[in-house]
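Novice: coords please:
(one chain, ligands or ions: 2)
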Amino acid sequence: MSEPKPIRRLDENLINKIAAGEIIHRPASALKELVENSLDAGATSIKVTVKDGGMKLLQIQDNGCGIRKSDLPILAERFTTSKLSTFSDLSRIATYGFRGEALASISHVARLSVVTKTKPDSCAWKATYVDGSLVDAKTGEKADPRPCAGNDGTTITIEDLFYNTPTRLSALRSSSEEYARILDVLTKYAIHNPTVSFLCKKAGSPSPDLSTPSRSDTPTAIRLLYGHSIAKELVHHTVSSSIKKKRKGRQTEEDMDVDGEDEEEDQMQAEDTDLQSESESWSAEAYFSNANYQAKKMVFLLFINHRLVESPRMKRALEACYVSVLPKGTAPFVYLSLQIDPRAVDVNVHPTKREVHFLNEEQITERIADAVQMCLAKGNASRRFEYQT
Ligand code: ADP
Ligand code: MG
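Specialist: Numbering: from 1, shown residues only. Ligands and ions are numbered 1, 2, ... in the order given. Below you'll find the predicted structure:
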């Protein structure tokens, strides 16, 4: 038998780098975090500048609420957030970010600087961070934020991503491929936020590669970003399911549905607690292509509670709806925005927060797929169903 080896505590700096690597995989994942922060801050304009696929420079400027100067010293420490303070908050948080890890992570794998101004402040403040702490941009010594000129809102600049983690850096693709991923993330957020103006360009380039107006609407945004050929073949559909509680002694009555199937299930759900019943309310809005549109690969945008996420199960279920209407080897466009009780989402399962799981996932997926299939079967008409009384 071999001798057990002693267990050692990892160096804290190393721990932070490992943690950062789980959240920030590539420029596009850093960008996603920053866009979510800007939207959380109420921005109506988000401008992104990119150099070398985001590896050299990734800058995002918003016109949101800004960050108070007094908050700057702990901004890039791990688990510092303005969005959550108790454990119960964690389960009901409705804003996008919630763990206070994004900026901290970025500061461990890149040079991070922030210029921010709140409305009441008379000037903007600039802060630079390395490994979670405020430093002087030139000397690297600890330093306070400095006053500077700036507009209301926040500009975050990330330079030399993964300069200190060469294995990460070497795992990245070409700058054009990384740039394409950045544009993809921004395009999807622009579809989901048609009232926010998005702009993205390469540093030094006179013309943007992505530009959307503020105060637009979803179909217009889809036409602008994915083209007329998709936009003209779109079906719009909403599905919702709410459970109203009527108290009859201890009994809870379900007031949902659809078509009277699930008799047995209803019986079981009647025994459920209030919390479970409430968390079974959900609604979905979808824009999806009809049988006239055929893409080579499926374009799938899934937002759950306004965050761009992945759900391979949902994707498969929706793609399957088209098997009987599209020729083999072709695929649809589907944009789905799902809103569920925040307590029912388990966004923590995946460190990148992209792949999610939620309560009643199977049932909700099935209901949405059924609705899509029904629309497709009935032809092209845009319809609105409410499974609700
Ligand atoms: P989280 O978003 O999970 O709270 P982050 O590390 O992404 O964690 O951000 C930490 C905090 O910094 C946020 O809670 C927010 O208060 C502030 N913040 C970050 N980006 C912005 C921004 N663009 N505008 C205003 N506040 C911001
Ligand atoms: Mg965040």
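Novice: ok, which stretches of the protein are helices?
Specialist: With DSSP state H as the definition, the chain shows helices at residue ranges 12-23, 27-40, 87-92, 102-109, 166-171, 175-192, 218-226, 228-231, 263-270, 274-278, 312-321, 361-377.
Novice: Ligand 1 contacts on the stretch 151-300 of the chain?
Specialist: Taking Cβ under 6 Å from any ligand atom as the test, the list of the stretch 151-300 of the chain residues beside ligand 1 reads residue 154. For every residue, glycine as well, the C-beta is placed using N, CA and C.
Novice: out of the helices of the chain, deepest packed?
Specialist: helix 102-109 (a mean of 25; mean count of other Cβ atoms under 10 Å).
Novice: returning to that earlier point: may I see the helices of the chain arranged in JSON lines, with mean pLDDT as well?
Specialist: Below are those laid out as JSON lines (pLDDT from 0 to 100):
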{"stretch": "helix 12-23", "mean pLDDT": "77"}
{"stretch": "helix 27-40", "mean pLDDT": "94"}
{"stretch": "helix 87-92", "mean pLDDT": "54"}
{"stretch": "helix 102-109", "mean pLDDT": "92"}
{"stretch": "helix 166-171", "mean pLDDT": "89"}
{"stretch": "helix 175-192", "mean pLDDT": "98"}
{"stretch": "helix 218-226", "mean pLDDT": "97"}
{"stretch": "helix 228-231", "mean pLDDT": "95"}
{"stretch": "helix 263-270", "mean pLDDT": "38"}
{"stretch": "helix 274-278", "mean pLDDT": "50"}
{"stretch": "helix 312-321", "mean pLDDT": "94"}
{"stretch": "helix 361-377", "mean pLDDT": "92"}
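Novice: Throw these into a markdown table and include distance to residue 334, thanks.
Specialist: As requested, these are arranged in a markdown table below (distance: least, Cβ to Cβ, whole Å):
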| stretch | distance to residue 334 |
| --- | --- |
| helix 12-23 | 27 |
| helix 27-40 | 20 |
| helix 87-92 | 28 |
| helix 102-109 | 28 |
| helix 166-171 | 30 |
| helix 175-192 | 12 |
| helix 218-226 | 11 |
| helix 228-231 | 10 |
| helix 263-270 | 27 |
| helix 274-278 | 28 |
| helix 312-321 | 5 |
| helix 361-377 | 8 |
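Novice: Of those, which is nearest residue 292?
Specialist: Nearest to residue 292, of all the helices of the chain, is helix 228-231, at 9.2 Å by Cβ to Cβ.
Novice: mind saving the C-alpha coords of that closest one as CSV?
Specialist: Below are the C-alpha coordinates for helix 228-231, written out as CSV (Å, rounded to 0.1, in the frame of the first residue of the first chain):
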residue,chain,number,x,y,z
HIS,A,228,-35.3,39.7,-44.2
SER,A,229,-35.4,36.0,-45.3
ILE,A,230,-35.9,35.0,-41.6
ALA,A,231,-38.0,38.0,-40.6
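Novice: That one - contacts with which helices or strands?
Specialist: helix 218-226 (3 or more Cβ pairs under 8 Å, 6 or more residues apart in numbering; DSSP states H and E).
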